[in-house]
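>>> 3D, please:
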Amino acid sequence: MSQKNEIPILVLSILITVGLIAGGFWWFSKKSGLELNKINSGNTNTPQVASEQPRGKIFTSVKDVPTGLFNYGGSTSWAPIRLIIDPAIQGARPEFRLRYVQPSNASPGSGTGINSLIDGQLAFVQSSRPVLNQELSRAQQRGLTLKQIPVAIDGLAVAVNLNLNIPGLTVEQLKSIYTGKINNWSQVGGPNIPIKPYSRRIADGGTVELFVQDILGGQAFSSNVEFISTTTQALQKLAGSPGSIYYASAPEVIPQCSIKALPLGRTQGEYIAPYQEPSVLPSECRDKRNKLNIEAFQSGKYPITRNLFVVVKQNGQTEQQAGVAYANLLLTEQGQELITQAGFVKIR
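Reported below is the predicted structural model:
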């Protein structure tokens, strides 16, 4: 082949090679760019992406946990959770220090806690009931927005004396007892014994507020209801009085040996026990203890259930970060398991 013929062929070969290299580089760049976009979008710190990520299995996997000491307060029904979970959180996340603060001029409870949150005295609140409309309005007047994050399921249990022989109560009968329409156990299939109802005051917390709203329908307590300060005090009275009745958070009632929890129902004769059946005999209670009827609480078969909430002040400050972090810690697999150990029902 002559030199004149070789030159065009060489030029053509070079052009083809350059074209293949350029095309390959273009394809590789485009492909790599797509993968980089995927990686970058996975690492973004925007709230939208963070909220879509799984909450994790253990406390150490939770992100955006702030450093510092954070005061919180609220519901007395949360006491078993505070006792078990907070030390575990402190051990896993020592930078996130927690301090439960009781109000100086009022009884501790969901309502007083939420008011203290609005007033800027707390970082976040534990509540055993939803935030009320008047609380939302008060917060709005302060330029604040409140967010409630459900983290567990609880229920109200009705406690009576161990020797009271009665199969159960309907929700309507319970209402009639506390509004004064029913005042003897013989009126609901029990013995001829006067009923002595006990309750904490409405101002004392979310449990009473929920009872008044959902069970009494907003009606006032009867004049024969005796108000006491604590659940411990009420259970002591029940143990010594065959006609007494009291209601409280289920984990506070179910394991007790000196009293018993009554099955409740929406219709007469169709009662659901708040404990796992068969119930533990009083003679065996010290060693075994009754346990919560988890299936009935999760399914809603038990007639008086509620969510427990972490209430967060959305102000864009460290307080908001602390409240969200606390809720996310409770919503991990580790947190939900500890909630079960505390006697409540996991929500996820």
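
>>> alpha carbons only for contacts and neighbour counts from here, please
Noted.

>>> ranges for the strands of the stretch 101-250 of the chain?
124-127, 146-161, 169-170, 196-199, 226-227, 244-249 (DSSP state E, counting those that start in this stretch).

>>> What is the second one packed up against?
Applying 3 or more C-alpha pairs under 8 Å, 6 or more residues apart in numbering; DSSP states H and E, one finds that strand 146-161 contacts helix 231-239, strand 244-249, helix 250-253, strand 259-262, helix 294-299, strand 305-313, helix 318-330, strand 345-346.

>>> The same query, at a cut-off of 6 Å, please.
strand 244-249, helix 250-253, strand 259-262, strand 305-313, strand 345-346 (3 or more C-alpha pairs under 6 Å, 6 or more residues apart in numbering; DSSP states H and E).

>>> Tell me how many other residues surround Pro278.
A total of 8 residues lie near Pro278 under the criterion other C-alpha atoms under 10 Å.

>>> same question but for Ile202, I mixed them up
17.

>>> Run through the residues that contact it.
Going by C-alpha atoms under 6 Å, 6 or more residues apart in numbering, Ile202 touches 208-209.

>>> of the strands of the stretch 101-250 of the chain, which approaches Val65 most closely?
Proximity to Val65, assessed across the strands of the stretch 101-250 of the chain by C-alpha to C-alpha, is greatest for strand 124-127 (13.8 Å).

>>> quick one on the thing from earlier: please work out which of the strands of the stretch 101-250 of the chain is packed deepest.
Per residue and on average, the most neighbours among these fall to strand 124-127, with a mean of 30 (mean count of other C-alpha atoms under 10 Å).

>>> I'd like the average pLDDT over it.
Rounded to a whole number, the mean pLDDT of strand 124-127 is 97.

>>> Could you please name the strands that strand pairs with and the direction of each pair?
strand 68-74 (parallel), strand 305-313 (antiparallel) (DSSP bridges).

>>> how is the protein carved up into domains?
Domains of the chain are assigned by automatic domain parsing as 58-153+307-346, 154-305.

>>> Between the two ends of the longest one, how far is it?
Same thing as domain 154-305. Across domain 154-305, the terminal residues are separated by 6 Å (C-alpha to C-alpha, to the nearest Å).

>>> Low-confidence stretches in this protein?
1-55 (pLDDT under 70).

>>> All the helices of it, residue numbers only.
Here the chain has its helices, by DSSP state H, at 3-43, 47-52, 79-92, 110-118, 133-141, 171-178, 206-210, 231-239, 250-253, 294-299, 318-330, 333-341.

>>> What count of nearby residues applies to Asn163?
Counted with other C-alpha under 10 Å, residues neighbouring Asn163 total 12.

>>> again, but for the one 10 residues further on
Burial measure for Gln173: 21 neighbouring residues, criterion other C-alpha under 10 Å.

>>> for Asn183, what are its contacts?
Asn183 touches 194-195, counting by C-alpha under 6 Å, 6+ apart.

>>> ok, now how distant is it from Ile177?
For Asn183 relative to Ile177 (C-alpha to C-alpha), the value is 6 Å.

>>> and what of Ala106?
Applying C-alpha to C-alpha, the value for Ala106 to Ile177 is 28 Å.

>>> And these two? Which one has more around it.
Ile177 (25 against 11).

>>> Report the beta-bridge partners for Gly74.
Beta-bridge partners of Gly74, as defined by DSSP bridges: Gln126.

>>> my guess is it contacts Gly109, does it?
Yes: with contacts counted by C-alpha atoms under 6 Å, Gly74 reaches Gly109, the gap being 4.7 Å.

>>> Comparing these two, which shows the higher neighbour count?
With neighbours defined as other C-alpha under 10 Å, Gly74 and Gly109 compare such that Gly74 has more, 32 against 27.

>>> got the contact list for the more buried one?
Here Gly74 is in contact with 109-110, 113, 125-127 (C-alpha under 6 Å, 6+ apart).

>>> is it possible to export the residues you listed to TSV including distance to Ala220?
Shown next, in TSV, are these (distance: C-alpha to C-alpha, whole Å):
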residue	distance to Ala220
Gly109	20
Ser110	20
Gly113	23
Val125	27
Gln126	26
Ser127	23
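
>>> which pair in the residues you listed spans the largest distance?
Gly109 and Val125 (9.7 Å).

>>> If you drop the residues flanking it in sequence, what lies closest to Arg138?
Ile118 (7.7 Å; C-alpha to C-alpha, 6 or more residues apart in numbering).
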